[in-house]
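Visitor: model the structure of this input:
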Amino acid sequence: MDYKSGKWAAQIIDLQRDDGCWGDNFHTLSDPVPKCPITTEQALRRLRILGFTKEDNVIAKALSYMHDCLAGKKTVPGGREKATDGEIFIELMIAAWIRKFTRDDVLANNIAKKWNAVVSTAFRSGEYDPDAYINTFYEIMKPAYGTVKRTKQLFRIECFYPISLLAGEIDESIEKAYFDYIMNSQTAFYYGHSGAITRLPNDFRSKDASRYLAAVELYCEYPNKYCKDSLKFVADWINENKNKDGNWDMGRKVKDGVYFPLSDSWRDANCIVQDCTYRISKIISAIRS
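Guide: Predicted coordinates for the structure are as follows:
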């Protein structure tokens, strides 16, 4: 399916500024709201869902903008994170988004290497060592002030940004231990869904299920066969929810302006099935790859 030429993509592209960003804030993966302009993160996530890649001009402009932010040539708009070192968070956030589209950015890759060193030390024994994590974090990241120990949740390694950044980066043995930890973490946080991925949603036809699948899509970026095998139970659950025609229908309630809709309109129920089947088929393929 080609969703890149649809009205949703056109709306986002039209809002992109000349420098490659969107809106007055970079940071927030929250759902769009009518009174707030789109943020750069929201735009990038939505465009990626609609099928855009680094080969598309809108993404190329955004990548150039983000690279300049890492290089100190441009300032990231929006407020700083409270109770944490803002520069470390901004670097993590931007590097994660750059690497969603390309692995050719040296600055983003260097940040990934730093986080790789932190996580690899934390899981060197095969299990998570929180003291090793904090000590290595301080040694490598050099936070400007000592809030990390008191507010570890802002830098915890079972949330969207580190998980995104480290996909395909860490060694296989470390990846296995890290994957087990984040899969089972009750405090994992993905913007929209939180908690252990091992706990399936109660209702397949729900926004909760759609956001759960977004976390699974993130986990599918990990290439290790062990990681893929660990997600087979999700594929089984998805297949249990096929309709009689072999397609999927998550219902109108999953429409959130983020993951759905993909088609220009959902007035036709067939478009709902088409969009859901398109997305879910990609998840199944990713788990089996």
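
Visitor: show me the shaky parts of the stretch 51-200 of the chain.
Guide: The stretch 51-200 of the chain contains residues with pLDDT under 70 at 78-85, 144-154.

Visitor: if we go to 80?
Guide: Of all residues in the stretch 51-200 of the chain, those with pLDDT under 80 make up the ranges 77-86, 143-155.

Visitor: where do the helices sit along it?
Guide: Taking DSSP state H, counting those that start in this stretch, the helices of the stretch 51-200 of the chain run over residues 57-70, 86-101, 106-122, 130-141, 160-166, 172-184.

Visitor: tell me the helices and strands packed up against the following helix or strand past the last one.
Guide: Sequence order places helix 207-219 as the next helix or strand after helix 172-184, per DSSP states H and E. Helix 207-219 sits against helix 160-166, helix 172-184, helix 269-288, with contacts defined as 3 or more C-beta pairs under 8 Å, 6 or more residues apart in numbering; DSSP states H and E. Heads up, the C-betas are built off the backbone N, CA and C, glycines and all.

Visitor: buried deepest among those, which one?
Guide: Stretch with highest mean neighbour count among the helices and strands packed on helix 207-219: helix 160-166 (a mean of 22; mean count of other C-beta atoms under 10 Å).

Visitor: show me what it is packed up against.
Guide: Against helix 160-166 (3+ C-beta pairs under 8 Å, 6+ apart) you get helix 86-101, helix 106-122, helix 207-219.

Visitor: dump those helices to a markdown table, plus distance to residue 38 and mean neighbour count.
Guide: Output for those, formatted as a markdown table (distance: least, C-beta to C-beta, whole Å; neighbours: other C-beta atoms under 10 Å):
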| stretch | distance to residue 38 | mean neighbour count |
| --- | --- | --- |
| helix 86-101 | 14 | 21 |
| helix 106-122 | 22 | 19 |
| helix 207-219 | 18 | 21 |
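
Visitor: adding distance to residue 36, write the helices and strands packed on helix 207-219 out as TSV.
Guide: Shown next, in TSV, are the helices and strands packed on helix 207-219 (distance: least, C-beta to C-beta, whole Å):
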stretch	distance to residue 36
helix 160-166	20
helix 172-184	30
helix 269-288	25
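
Visitor: what's the closest of the ones you listed to residue 229?
Guide: helix 269-288 (8.8 Å; C-beta to C-beta).

Visitor: who touches stretch 60-78?
Guide: In this structure, residues lying in contact with stretch 60-78 by C-beta atoms under 8 Å, 6 or more residues apart in numbering are 16, 19-21, 23-28, 39-40, 43-44, 54, 90-91, 94-95, 97-98, 101-102, 105, 107-108, 111.

Visitor: identify each buried residue in it, please.
Guide: By neighbour count on 16 or more other C-beta atoms under 10 Å, the buried set for stretch 60-78 is 60-63, 65-67, 69-70, 74, 76-78.

Visitor: closest one of those residues to residue 279?
Guide: Once C-beta to C-beta is applied, the member of the buried residues of stretch 60-78 that ends up nearest residue 279 is residue 62, at 22.4 Å.

Visitor: separation between that closest one and residue 215?
Guide: 23 Å (C-beta to C-beta, to the nearest Å).

Visitor: residue 158 now?
Guide: In this structure, residue 158 and residue 215 are 11 Å apart, going by C-beta to C-beta.

Visitor: and for residue 252?
Guide: Distance, residue 252 to residue 215, using C-beta to C-beta: 22 Å.

Visitor: as CSV, the helices and strands packed on helix 160-166 with distance to residue 169 would be great.
Guide: Below are those laid out as CSV (distance: least, C-beta to C-beta, whole Å):
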stretch, distance to residue 169
helix 86-101, 8
helix 106-122, 5
helix 207-219, 14
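
Visitor: how about the nearest residue to residue 271, chain neighbours excluded?
Guide: Spatial nearest neighbour of residue 271, chain neighbours left out: residue 263 (4.1 Å); criterion: C-beta to C-beta, 6 or more residues apart in numbering.
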